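**Q** for reference, the sequence and a predicted model appear below.
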Amino acid sequence: MASEQDIYEEHVLDHYEDPYHRGPLNGATHAHEADNPLCGDQIHIDLKLTPDGKVVDAWFDGEGCVISQASASMLVETIEGKTLEELQQFSAQNMLALFGPKLTPNRQKCCLLSWRVLQSAIHSPLNPSDDELGGPSFSGPSLGEES
Amino acid sequence: MASEQDIYEEHVLDHYEDPYHRGPLNGATHAHEADNPLCGDQIHIDLKLTPDGKVVDAWFDGEGCVISQASASMLVETIEGKTLEELQQFSAQNMLALFGPKLTPNRQKCCLLSWRVLQSAIHSPLNPSDDELGGPSFSGPSLGEES
Amino acid sequence: MPTLTHCRDDFPILQRSVADGIPLAFLDNAASTQRPQSVINAITDCYERYYANVHRGIHTLSEESTTRYEKSRTSLARFVNAEHDHEIIYTAGATAAINTVARSWGNENVTANDTILLTIAEHHANIVPWQQLAASVGCRIEFLPLQDDFNIETDAVRSALERFQPKMFAFTAASNVLGTTFPVTEWTRLAHEHGSTVLIDAAQSAPHQVMDVQAWNADFVVFSGHKVCGPNGIGVLYGKEKLLEAMPPFLGGGGMIRRVTTDGFEPAELPDKFEAGTPPIVEAIALESAVEYVTAIGLDEIEKHEQRLATHADTGLRQIEGLRMIGPETRDRNGIVSFVLNHAHSHDVAHALDASGIAVRAGHHCTMPLHRALGTSATTRASFYFYNTMDEADRLIAAVAEVQKKFAPTGRKRQPRSSG
Amino acid sequence: MPTLTHCRDDFPILQRSVADGIPLAFLDNAASTQRPQSVINAITDCYERYYANVHRGIHTLSEESTTRYEKSRTSLARFVNAEHDHEIIYTAGATAAINTVARSWGNENVTANDTILLTIAEHHANIVPWQQLAASVGCRIEFLPLQDDFNIETDAVRSALERFQPKMFAFTAASNVLGTTFPVTEWTRLAHEHGSTVLIDAAQSAPHQVMDVQAWNADFVVFSGHKVCGPNGIGVLYGKEKLLEAMPPFLGGGGMIRRVTTDGFEPAELPDKFEAGTPPIVEAIALESAVEYVTAIGLDEIEKHEQRLATHADTGLRQIEGLRMIGPETRDRNGIVSFVLNHAHSHDVAHALDASGIAVRAGHHCTMPLHRALGTSATTRASFYFYNTMDEADRLIAAVAEVQKKFAPTGRKRQPRSSG
Ligand SMILES: Cc1ncc(COP(=O)(O)O)c(C=O)c1O
Ligand SMILES: Cc1ncc(COP(=O)(O)O)c(C=O)c1O
């Protein structure tokens, strides 16, 4: 039973059933969406950034397993108020730590989907001229078959 | 030592060193040549058949291992005087029996090379109009990579 | 009711328990099966006693390995009831076997005006190689759709054959998701009547049903060793002698040639022509042990036993509210049961079942087009083999019911985030 | 003089004797090596304790198998000193690996005006796939010839590169016949200076010499597991990330896709893109054990030991009258010694040596163009590995001398045929 209790902790299930900022964000300045075709997990993230690059508002939407959805909820909750620099320094390891329960490699992919979407979203202004940051370039554990 | 003594019997070595009818046959009516590219064994057989299909004379030439050369010598020696029908009935099993010592599958290929050449030679008149027998069709153990 | 439970003792891995001492219920057999001691012993025996590279080696070990390697081919020819031993080609797996046909037969026979007919239920292994062929020669690919009841009627096959006049009809003998088997002989006969060549993906039938490629009259049949209690790293391509002989070789290298010069090469005869490089020698020898093992139990017995288990599981699972069974109510069925729960994603289901010692698979099972047609991106699949028991089927039903309850909404409230 | 004789105890098969209790002297290692107990144990351990199909399985066994499979890749990346783990692609063998490059990279990059440069010493595995490419795209193939002293000087390489401006220079790091090794880093540097891509066939070097693909700066490197104490059925394709990423997939099927629809597919990322179908899971895990085993002994030690044995055998054999050594007198040598006798065909030599318990190989060793250039159709080859001994080298020399005598003409006379 160890593994089950490990990953479906109360706070994970709470985020799954009662997610933080799930839905579209009116007035978003940045957004990105991706899926993990191999599981069917899907995550969309909307961000509102200030001109100097602070996250005013962050929302997500999506479909998929508990891990992918609960982790997305935790992520958008945690990044509000952060600066772009802070987001860029927020590594895959930080994401896994934020989630909490230890995940096997296959489930890490579920957890890191929202993190990948976020890293792309900050480079994906809805008004393209806003992008002064260049293409996405993040590192982290290999994501296998995912794009 | 069993296997060595088994296959290099005295009569085999005798045929190898002092082959029967090794060389070209003037006045041959039928001939064929083939090799086993995987070993480098090569056998050429010349036959003189009477109009009613009896072997008057049979000669071979070639290069290769003891088994391939000694068995060819035994074969041409044994077929003289035989009719076409008798040759066609002379199976791969008969050939292996003629050779004598029991061979492993890989060495059987060496032994059967001359037999295959013979079966083709009887369908390969040097004056093509002599051929009233149709294409070669012989059966026997699979010869693996050989043609 | 007769059971095959005694077979469990032959499988070392089935004696293991998972976390906290829960006995393992291995229900992931459609992905890969486990091995009896006799197959494992065949491997160690070869490596420990007589291994050497095969072909043309004339020392004792090589003669022995060669003899055993070719004896395996003879046994496999008997297992599928091929006419000739050399119609059995060893490949790296079912996937490699289909690729061999798609490239070698395909490039030779398929042109831009031709159509390849598949079913929507195919495994990616029987889709992607044809899509690669299409990308190269420009042919069309058509998919037989699934009916609402998850079946594909023979009438639909007939009209598709009529309409598309395909050059190749490639289909699975048994679906790795739906739990259905298809009438192989009938479909093959129809395809031949319409002038189509037939490839049968027997990856999911070879382990479970008697195979008779001559009765099927199939042109090509493929399957994998690891799904029939055999080792990893080997599969079988059966092809009719005439077809294989007319095909150019696929992979190039040692063993598949008669002669090589600086100007080019002449291919070897069958079966060598399609076995480039050092073949999976030990794997072939162990595969022979595997088919001997399942043959000794009896494939008819195996099939019946699995049907009993799967039918029981199917019936039990359908009682769970919010569970959608992915497969027909009545069917020519095999040992596969797939489903979705309204309250839990298949990954969470598999994860939770694992905690109960039950190994199932979650995802698209390499059938994305099928899943898209079914309107879902992932299913949970339990797949039985002869060594599974009624008790394991019951454990599955109970555990799924519990999972469905566990992930049902209960009015939870997220705690406000603690700062940091 | 240090020996590695203690290693013999690790190899169950080396304890065996052949007919009549003669201890086995296994000198056919260039064809395939034997396995230490640790590699055999890695196989049985996987099958008996934790085997399941890898990738996306989220039950305990699949997680464990996946972790072990990918850990193997990491170890192999370290073994060859690759920059990234995903530059290591598992294939069915060296042959399959070269075919992957010839088809996937070749079809994308080589046109009718291009030249592929090989050496005449290549194994068929590094000739035929390029000939198949040539048949498909119309490119030319050029062969670097052998000098009279059996070597290929770097100057000859340089001028061939200059003259042919090849698109690809594919060569073996160590000849499987001549007993020579080639200066890999230097040839690669020269090829790159001339704009050529480089594939190194390391099938005969990986088992015997330290490998450093980054120091070599090779674009592609291939080798087989079964020649480095690993299992059958697996090989390695190393490729530079940039090159592999730019190449289309080769085989199609499960695992190598990101997404499949009825309209087509998107390939997965590295390394999955080139690993279609169920991979050789157990083989990969056992291969890791194998490279750990040889690394623990030390490849430098292994190489030195083999050189000692081969040099000793070479010197001894050259004393035999009528023996022609196929290989340079002084050379950067590996553990291979090939020769022909004027009185005995290589098949008879191998056969007779077998009767003395000595396993050698006879034939063209999948190098027909080389043999034609050498003016012979078959050679006898003894190939040493670290577990061989000086005593075995001495037995070889004595037995060959005896064979040469045995088949020398003695004035025999055939008995007239007894009738019947
Ligand atoms: C130099 C060389 N290249 C390639 C190969 C092919 O390896 P495999 O047969 O394992 O694919 C061999 C082994 O026979 C070899 O010696
Ligand atoms: C129906 C079907 N076809 C083909 C395959 C591919 O088999 P392998 O991965 O062993 O090549 C599978 C197994 O995953 C399958 O279930």
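**A** Cool, got the structure. Ligands and ions are numbered 1, 2, ... in the order given.
**Q** tell me what the closest residue to residue A:61 other than its chain neighbours is bridged to.
**A** Nearest residue to residue A:61, sequence neighbours excluded (C-beta to C-beta, 6 or more residues apart in numbering or on different chains): residue A:44, at 4.6 Å. For glycine as for every other residue, the C-beta is placed from the backbone atoms N, C-alpha and C. Beta bridges link residue A:44 to residue A:33, residue A:61, judged by DSSP bridges.
**Q** pretty sure residue A:44 is touching residue A:35, no?
**A** No: contact status for residue A:44 versus residue A:35: not in contact, 9.5 Å apart, counting by C-beta atoms under 8 Å.
**Q** quick check: closest non-adjacent residue to residue C:394.
**A** residue C:316 (7.3 Å).
**Q** contacts only, for the one you found.
**A** Applying C-beta atoms under 8 Å, 6 or more residues apart in numbering or on different chains, we find residue C:316 in contact with C:393, C:394, C:396, C:397.
**Q** look up phi and psi at the third one.
**A** Spelled out, it's residue C:396. The phi/psi pair for residue C:396 (degrees, to the nearest 10) reads phi -60, psi -50.
**Q** now the helices for the stretch 1-150 of chain C?
**A** C:37-45, C:60-80, C:94-100, C:106-109, C:128-137 (DSSP state H, counting those that start in this stretch).
**Q** between the ones you listed, which gets nearest to residue D:89?
**A** helix C:94-100 (14.3 Å; C-beta to C-beta).
**Q** that closest one near chain A anywhere?
**A** No: if you take C-beta under 8 Å from any C-beta of the partner chain as the test, helix C:94-100 misses chain A, and the best it gets is 15.6 Å.
**Q** got a list of contacts for that helix?
**A** C:89, C:91, C:125-126, C:129, C:170, C:199, C:201, C:203, C:222-224, C:235-237, C:250-251, C:274, D:92, D:251-254, D:276-278.
**Q** that helix close to ligand 1?
**A** No: residues of helix C:94-100 contacting ligand 1 under C-beta under 6 Å from any ligand atom: none, with a closest distance of 13.8 Å.
**Q** just the CA trace of whatever helix or strand residue C:188 lives in, in CSV.
**A** Under DSSP states H and E, the secondary-structure element containing residue C:188 is helix C:184-193. Presented in CSV, the C-alpha positions along helix C:184-193 are these (Å, rounded to 0.1, in the frame of the first residue of the first chain):
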residue,chain,number,x,y,z
VAL,C,184,-9.0,-14.7,-39.6
THR,C,185,-9.7,-17.5,-42.1
GLU,C,186,-12.9,-15.8,-43.5
TRP,C,187,-11.3,-12.4,-43.8
THR,C,188,-8.3,-13.8,-45.5
ARG,C,189,-10.5,-15.7,-48.0
LEU,C,190,-12.4,-12.6,-48.7
ALA,C,191,-9.3,-10.5,-49.2
HIS,C,192,-7.8,-13.1,-51.6
GLU,C,193,-11.1,-13.1,-53.5
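**Q** which residues touch that helix?
**A** C:154, C:157-158, C:161, C:166, C:169, C:171, C:173, C:197-198, C:200, C:205, C:215-218.
**Q** now for chain A, the helix or strand with the poorest mean pLDDT.
**A** Every helix and strand in chain A was compared by mean pLDDT, DSSP states H and E; the lowest is helix A:2-7, with a mean of 57.
**Q** one more: chain C?
**A** Quick look at chain C via mean pLDDT, DSSP H and E: least confident is strand C:17-18, a mean of 88.
**Q** that one pairs with which strands?
**A** Partners of strand C:17-18 in its sheet, by DSSP bridges: strand C:22-23 (antiparallel).
**Q** just how off-centre is the strand it pairs with within its chain?
**A** Computed by C-alpha atoms, centre = their mean, to the nearest Å, the chain-centroid distance of strand C:22-23 equals 28 Å.
**Q** SS state for the residue nearest the centre of chain C?
**A** In chain C, the centroid-proximal residue (C-alpha atoms, centre = their mean) is residue C:203; its distance is 2.3 Å. Here residue C:203 is coil, with the state taken from DSSP: H, G, I helix; E, B strand; the rest coil.
**Q** okay, the contacts of residue C:316 in JSON lines with neighbour count next?
**A** What follows is these, written out as JSON lines (neighbours: other C-beta atoms under 10 Å in any protein chain shown):
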{"residue": "C:393", "neighbour count": "25"}
{"residue": "C:394", "neighbour count": "14"}
{"residue": "C:396", "neighbour count": "25"}
{"residue": "C:397", "neighbour count": "21"}
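**Q** how about the residues of the stretch 101-250 of chain C by chain D?
**A** Going by C-beta under 8 Å from any C-beta, the residues of the stretch 101-250 of chain C near chain D are C:102, C:120, C:123-125, C:127-129, C:131-132, C:135, C:141, C:143, C:224, C:226, C:231-234, C:249.
**Q** ok, now with 7 Å
**A** With C-beta under 7 Å from any C-beta of the partner chain as the criterion, the stretch 101-250 of chain C comes near chain D at residues C:123-125, C:127-129, C:131-132, C:143, C:224, C:226, C:231-234.
**Q** from those, which is closest to residue D:29?
**A** residue C:233 (21.4 Å).
**Q** which ones are touching that closest one?
**A** C:92, C:280, C:283, D:233, D:234, D:280, D:283 (C-beta atoms under 7 Å, 6 or more residues apart in numbering or on different chains).
**Q** among those, which ones are in helices?
**A** Counting by DSSP state H, the contacts of residue C:233 place C:283, D:283 in helices.
**Q** which members of the contacts of residue C:233 are classed as buried?
**A** If you count burial by 16 or more other C-beta atoms under 10 Å in any protein chain shown, the buried members of those come out as C:92, C:280, C:283, D:233, D:234, D:280, D:283.
**Q** got those as a markdown table, with pLDDT and distance to residue C:328 columns?
**A** Listed next are those as a markdown table, based on pLDDT from 0 to 100; distance: C-beta to C-beta, whole Å:
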| residue | pLDDT | distance to residue C:328 |
| --- | --- | --- |
| C:92 | 98 | 34 |
| C:280 | 98 | 37 |
| C:283 | 98 | 36 |
| D:233 | 98 | 38 |
| D:234 | 98 | 40 |
| D:280 | 98 | 35 |
| D:283 | 98 | 38 |
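**Q** near ligand 1, which residues of chain A? Just list them.
**A** So chain A never meets ligand 1 (C-beta under 6 Å from any ligand atom).
**Q** where does the residue nearest the centre of chain A fall, secondary structure wise?
**A** Averaging the C-alpha coordinates of chain A gives a centre point, and the residue nearest to it by C-alpha atoms, centre = their mean is residue A:114 (2.6 Å). Using DSSP H and E, residue A:114 falls within helix A:105-121.
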